[in-house]
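Q: generate coordinates for the sequence data below:
(one chain, ligands or ions: 1)
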Amino acid sequence: MTRSGLKLSGVSAAYRDTPVLHHLDLEVNQGELLVVLGPSGAGKSTLLRVVAGLQAATTGRVLIGGRDVTALRPGRRNVSMVFQSYALFPHLTALDNITFGLEVRDMPRKAARERAAAAAATVGCAHLLDRRPGQLSGGERQRVALARALVREPDLFLLDEPLSNLDLELRTETRGELKALHARLGVTTVHVTHDQTEALVLADRLAVLRDGRLEQLGTPDEIWRTPATVFVARFVGSPAMNLLPADGPLTPDGAPAARPPGHRIGFRPEAVRLGDVGTPAAVERVDVVGEDAYAYLRLAGDGPVITARVPSASRPFPGEPVRAAVRWADVHVFDGDGRRVTGA
Ligand SMILES: Nc1ncnc2c1ncn2[C@@H]1O[C@H](COP(=O)(O)OP(=O)(O)OP(=O)(O)O)[C@@H](O)[C@H]1O
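A: Just a heads-up that it's a prediction; the model follows:
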């Protein structure tokens with residue numbers, strides 16, 4: 001049986017009278033890396049703050065490693081949090097910043113410094129220990145913040161958008177390092193982001209949060225292949241999945257004759273095939289992104305616009321008449337409430 005690293009049951013949170021989390025149930029296995037993904041304002045940071053004990057839950061319980069910590073102060077939960085801003089002390093060196101978490105626990109100074117140096121080596125910032133935050137780049141600060149979180153040997157890591165202040169190249173590199181670090185240390189981790197690529201790459205499992213509610217929980221593969229709702233389908237994937245009325249202008253190849261009114265079909269831009277058969281469409285715009293091109297196609301005269309992903313070498317040109325087809329096997333079906341209809 002897998003052990004529980006973190007369990008939330010019926011957790012709600014509010015700012016003054018405004019509810020932000022609504023009776024959340026969520027379980028993270030021991031050693032698992034769970035990514036919480038959602039748009040701005042979904043309640044991701046609030047969720048981490050409630051787990052860390054920085055904010056009280058208005059209902060429900062928080063268990064870490066099977067221990068009920070709902071009533072415990074943050075310092076008693078053995079949790080380390082890395083903030084988006086890193087929250088380093090500007091007047092302290094990197095070494096003193098990393099050591100800080102241990103010294104307040106009355107560990108002897110020499111032992112604390114040795115542990116800090118070991119944590120710094122783990123995340124690759126051992127050469128920066130004499131510098132103050134003002135003398136470090138964004139990526140270097142991020143490493144020091146991680147080392148400070150690591151040095152406490154927590155039961156649980158909470159990472160709040162730790163990569164969002166880094167430029168794209170560094171973000172990609174650091175993302176890989178975070179994944180490797182997690183694999184090596186095996187500490188249960190909750191990583192918050194609104195970046196779907198980061199989420200898909202890092203996560204053992206993904207929790208998609210929307211308006212303080214869990215929209216779907218699953219592996220990156222499940223979320224990608226079987227999105228539970230229109231919201232998840234559109235939020236994960238770039239450009240977003242196409243959505244059309246099931247009885248609308250495009251009939252997928254192999255579709256059953258009867259498709260209930262009110263249902264919608266979704267298909268990713270890469271599922272659209274351009275050729276001699278299918279629904280007539282006019283190319284409105286084409287964006288070329290290296291090897292790929294995204295063609296925006298207006299269906300059937302004045303119908304809706306869909307996006308097709310095609311190799312840029314064989315892309316159509318604006319104004320060109322084309323035909324768009326989709327296979328039924330590549331289609332997702334959603335009911336009138338936006339929920340996935342299985343077995344379609
Ligand atoms: N201190 C606060 N006082 C009042 N409302 C707040 C406070 N902090 C956050 N909120 C509100 O709570 C909701 C959830 O905020 P939260 O920061 O948890 O979202 P988030 O998913 O982390 O967003 P982001 O990706 O923008 O950081 C938002 O509607 C926000 O406006």
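
Q: count of residues packed around the residue in the stretch 151-300 of the chain that the ligand sits nearest to?
A: Residue of the stretch 151-300 of the chain nearest the ligand, by CB to the nearest ligand atom: His194 (4.9 Å). Where you see a C-beta, it was placed from the backbone N, CA and C, and this is true even at glycine. By the other CB atoms under 10 Å criterion, the neighbourhood of His194 contains 18 residues.

Q: hang on, it packs against Val35?
A: No. His194 is beyond contact range of Val35, at 10.6 Å (criterion: CB atoms under 8 Å).

Q: just the helices in the chain please.
A: Using DSSP state H, the helices of the chain run over residues 44-52, 94-103, 109-122, 138-150, 168-185, 196-202, 220-225, 230-235.

Q: which other residues reach the fourth one?
A: The set of residues external to helix 138-150 that reach it, using CB atoms under 8 Å, 6 or more residues apart in numbering, is 80-83, 86-88, 94, 97-98, 100-101, 116, 119-120, 122-125, 128, 131, 133, 136, 157, 162-163, 165-167, 170, 174, 178, 181, 185.

Q: swap in the first one?
A: Outside of helix 44-52, the residues that reach it under the criterion CB under 8 Å, 6+ apart are 6, 8, 11, 13, 20-21, 24, 36-38, 55-57, 62, 64, 74, 77, 79, 81, 156, 158, 160, 190, 192-194, 209, 212.

Q: that helix near the ligand at all?
A: Yes. Judged by CB under 6 Å from any ligand atom, helix 44-52 and the ligand are in contact via Lys44, Ser45, Thr46.

Q: gap between the last one and Ala116?
A: Meaning Thr46. 31 Å (CB to CB, to the nearest Å).

Q: quick one: which of the two has more around it?
A: Per other CB under 10 Å, whichever of Thr46 and Ala116 has more neighbours is Ala116, with 26 against 20.

Q: thought the more buried one was touching Ile98?
A: Yes. Using CB under 8 Å, Ala116 is in contact with Ile98, at 4.1 Å.

Q: what sits in contact with each of the two?
A: With CB under 8 Å, 6+ apart as the test, Ala116 and Ile98 both reach Leu129, Ala147, Val151.

Q: just the buried ones from the residues you listed?
A: Buried subset of the shared contacts of Ala116 and Ile98 (neighbour count, 16 or more other CB atoms under 10 Å): Leu129, Ala147, Val151.

Q: surely the last one meets Ala119?
A: Translated: Val151. Yes. With contacts counted by CB under 8 Å, Val151 reaches Ala119, the gap being 4.0 Å.

Q: what does the stretch 51-200 of the chain put close to the ligand?
A: Checking the stretch 51-200 of the chain against the ligand by CB under 6 Å from any ligand atom, the hits are His194.

Q: low-scoring pLDDT stretches of the stretch 51-200 of the chain, where are they?
A: Per-residue confidence for the stretch 51-200 of the chain (pLDDT under 70) gives these ranges: 103-105.

Q: from Ser80, how far off is Ile64?
A: Relative to Ser80, Ile64 is positioned 12 Å away (CB to CB).

Q: hmm, I was thinking of Ala116
A: From Ala116 to Ser80 the distance is 14 Å (CB to CB).

Q: and if you look at Leu146?
A: Taken as CB to CB, the span from Leu146 to Ser80 is 9 Å.

Q: cool, and Ala240?
A: Distance from Ala240 to Ser80, by CB to CB: 35 Å.

Q: ok, now Thr174?
A: 17 Å.

Q: repeat for Arg67
A: Distance from Arg67 to Ser80, by CB to CB: 16 Å.

Q: what is the nearest of the shared contacts of Ala116 and Ile98 to Arg327?
A: Ala147 (49.8 Å; CB to CB).

Q: reformat the residues of helix 44-52 next to the ligand as JSON lines; add pLDDT.
A: JSON lines is the format used below for the residues of helix 44-52 next to the ligand (pLDDT from 0 to 100):
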{"residue": "Lys44", "pLDDT": "95"}
{"residue": "Ser45", "pLDDT": "94"}
{"residue": "Thr46", "pLDDT": "96"}
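
Q: and those residues, which is closest to Val326?
A: When the residues of helix 44-52 next to the ligand are compared against Val326 (criterion: CB to CB), the nearest one is Lys44, at 33.5 Å.

Q: what about that closest one, neighbour count?
A: 25.

Q: for it, which non-adjacent residue is spatially closest?
A: Among residues not flanking Lys44 along the chain, Val192 sits closest, at 4.3 Å (CB to CB, 6 or more residues apart in numbering).

Q: test my guess that Ala329 contacts Gly254.
A: Yes. Shown here, Ala329 and Gly254 form a contact pair, counting by CB under 8 Å, at 7.0 Å.

Q: which neighbours do those two have in common?
A: With CB under 8 Å, 6+ apart, Ala329 and Gly254 have no common neighbours.

Q: tally of neighbours for the closest residue to Gly254 other than its chain neighbours?
A: Spatially, and ignoring its direct neighbours in sequence, Gly254 is nearest to Trp328 (3.7 Å; CB to CB, 6+ apart). By other CB under 10 Å, 15 other residues sit near Trp328.

Q: so Trp328 touches Ala257, yeah?
A: No. With contact defined as CB under 8 Å, Trp328 does not reach Ala257; the gap is 11.7 Å.
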